[in-house]
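S.K.: Sequence unavailable; structure follows:
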């Protein structure tokens, strides 16, 4: 009896540690990959320790287990076609290990609405920190000339593009759009006026920071988010499509208008480079349709398909198109598995936002659905999931969908 009590006591303490570690992972995700990895490792050790002490390897099953396993296997198989298998294997198990561990860690250790609320509160606070640092960069100035993020001849007035803790304006923009979508969903579902004001103040702050990234693809993703809320929540939301450019003009001045109009300009250096990369990537896919060129091997293979840059020393790390890049690296079957994972979780979020009895959970699912749609739309012109932190956020959102889907009594 004493032994059983001791085991139960230790398990309960480990549960607290696991939750705090998961909260730490969520907070540090956009701030520091190293710190995030440390807390992820701590949470994993505590989780397996709890199962060893209880002498039970009980794992919650996700409705997407088969798809996840298929994606893992196909990604691993692509290593065979890599020009450097050692590098691809090293890159694969370091990255895929993080993604899958985070996914199942959350599914197996987040069991209640209160836990999910705490988790999302931490995510929102972290996002506010990221935005605050972005504003700091803008007002104190930062020289972006060395980063080659802007065509200086076409945008001579564009001197500052904030990137905060994400090391790149495009990555920061992708992160901001995702959090804006979720914060909007939670704000619309919150009954308390103070809560609504807090969420919408955060959305405005994130929107202002998004403008200062001058990332055109993310602006298009915002339109997708507005469309989701307009269709699924209230058609009046579509008025934001008219008001949003006005707000952006007030913040970004004439530089924003030039940047916005350049979206349809095929002579823009960035657009021209993207189209050239897509042409090269399609050629890769044609030559390696089944297993791809190898996980993480795009930068190594690109010189063989360089039809535009024509510089053997240039390193192009991704195709600026999520769908083409994934198909190139792990093959068309791998892309199909990824799309099934993305589409499957989005579909379940859509179903749950209409069935969940809990108003707050409904708002969360609406926000996550909009965020996943933003990732899908943004994927046509960029590949923010190339970044480890952004991919971990993607898998975290998927895990939360599964947590709600499992429909535990405390989630009702």
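M.R.: Nice, thanks for sending it over. As the structure is a computational prediction, the values presented were derived from the model and not from experiment.
S.K.: okay, CA-based contacts and neighbour counts for the rest of this
M.R.: Will do.
S.K.: what residues are up against the residue nearest to residue 22 when sequence neighbours are not counted?
M.R.: By the measure of Cα to Cα, 6 or more residues apart in numbering, the closest residue to residue 22 outside its immediate chain neighbours is residue 43, 6.5 Å from it. Under the criterion of Cα atoms under 8 Å, 6 or more residues apart in numbering, the contact list for residue 43 reads 17-19, 21-22, 105.
S.K.: Residue 275: neighbour count?
M.R.: If you count neighbours by other Cα atoms under 10 Å, residue 275 ends up with 17.
S.K.: so which strand or helix has it?
M.R.: When elements are assigned from DSSP states H and E, residue 275 belongs to helix 269-287.
S.K.: And for residue 226?
M.R.: helix 216-232.
S.K.: which element is the residue nearest to residue 22 on?
M.R.: Under DSSP H and E, the secondary-structure element containing residue 43 is helix 33-54.
S.K.: where's that helix relative to the chain centroid, distance-wise?
M.R.: Using Cα atoms, centre = their mean, to the nearest Å, the mean C-alpha position of helix 33-54 is found 22 Å from that of the whole chain.
S.K.: Same question for that helix: list its buried residues.
M.R.: Going by neighbour count (16 or more other Cα atoms under 10 Å), the buried part of helix 33-54 is 36-37, 39-44, 46-47, 50.
S.K.: Same question for stretch 224-237.
M.R.: With burial defined by 16+ other Cα under 10 Å, the residues of stretch 224-237 counted as buried are 224-230.
S.K.: Which SSE is immediately downstream of the longest helix along the chain?
M.R.: Across the chain, the helix with the greatest residue count (assigned by DSSP state H) is helix 322-355. On the C-terminal side of helix 322-355, the closest following helix or strand by DSSP H and E is helix 359-378.
S.K.: For that following helix, name the packing helices and strands.
M.R.: When contacts are defined as 3 or more Cα pairs under 8 Å, 6 or more residues apart in numbering; DSSP states H and E, helix 359-378 sits against helix 169-189, helix 216-232, helix 322-355, helix 388-405.
S.K.: Deepest-packed of the ones you listed, please.
M.R.: Neighbour counts averaged per stretch over these are highest for helix 169-189, at a mean of 25; criterion: mean count of other Cα atoms under 10 Å.
S.K.: and that one with helix 359-378, angle?
M.R.: Between the axis of helix 169-189 and that of helix 359-378 there is an angle of 150 degrees, by axes from the mean of the first three to the mean of the last three Cα atoms, to 10 degrees.
S.K.: between helix 169-189 and helix 388-405, how many degrees?
M.R.: Helix 169-189 and helix 388-405 are oriented at 20 degrees to each other (the same axes, to 10 degrees).
S.K.: The following helix or strand past helix 169-189: which residues count as buried?
M.R.: Sequence-wise, the next helix or strand downstream of helix 169-189 (DSSP H and E) is helix 193-211. Within helix 193-211, the residues that count as buried by 16+ other Cα under 10 Å are 196, 199-200, 202-203, 205-211.
S.K.: Redo those as a markdown table? Include pLDDT and distance to residue 164.
M.R.: Formatted as a markdown table, the entries for the buried residues of helix 193-211 read as follows, by pLDDT from 0 to 100; distance: Cα to Cα, whole Å:
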| residue | pLDDT | distance to residue 164 |
| --- | --- | --- |
| 196 | 94 | 26 |
| 199 | 97 | 21 |
| 200 | 95 | 21 |
| 202 | 97 | 16 |
| 203 | 95 | 17 |
| 205 | 96 | 14 |
| 206 | 96 | 12 |
| 207 | 91 | 14 |
| 208 | 90 | 13 |
| 209 | 94 | 9 |
| 210 | 93 | 11 |
| 211 | 87 | 13 |
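S.K.: so which of these comes closest to residue 328?
M.R.: The shortest approach to residue 328 among the buried residues of helix 193-211 belongs to residue 210, at 29.8 Å (Cα to Cα).
S.K.: Make sure the closest one is actually in contact with residue 170.
M.R.: No. Here residue 210 does not reach residue 170: they are 9.6 Å apart, not a contact under Cα atoms under 8 Å.
S.K.: picking that back up, identify the residues contacting the helix holding residue 226?
M.R.: Residues from elsewhere that reach helix 216-232, judged by Cα under 8 Å, 6+ apart: 170, 173-174, 177, 181, 235-238, 240-241, 259-260, 263, 366, 370-371, 373-375, 377-378, 381-382.
S.K.: Relative to residue 313, how far out is the residue nearest to residue 321 when sequence neighbours are not counted?
M.R.: In space, not counting the residues next to it along the chain, residue 321 is nearest to residue 382; the distance is 4.6 Å by Cα to Cα, 6+ apart. Counting by Cα to Cα, to the nearest Å, the gap between residue 382 and residue 313 amounts to 22 Å.
S.K.: which ones are touching residue 286?
M.R.: Residue 286 sits next to no residue when contact means Cα under 8 Å, 6+ apart.
S.K.: so the spatially closest residue to residue 302 that is not a sequence neighbour is in which element?
M.R.: The spatially closest residue to residue 302, leaving aside those adjacent along the chain, is residue 316, at 6.9 Å (Cα to Cα, 6+ apart). Here residue 316, judged by DSSP H and E, is contained in no helix and no strand.
S.K.: OK, contacts around residue 316?
M.R.: By Cα under 8 Å, 6+ apart, the contact set of residue 316 is 298-299, 302.
S.K.: Mind picking the two most distant members of the contacts of residue 43?
M.R.: Farthest apart among the contacts of residue 43 - using Cα to Cα - are 17 and 105, which lie 12.7 Å from each other.
S.K.: Low-confidence bits of the stretch 201-350 of the chain, can you list those?
M.R.: By pLDDT under 70, the low-scoring segments of the stretch 201-350 of the chain are 242-269, 312.
S.K.: just to revisit the earlier point, tell me which of residue 17 and residue 105 has more neighbours.
M.R.: With other Cα under 10 Å as the criterion, residue 17 and residue 105 differ in neighbour count, and residue 105 comes out ahead with 23 against 16.
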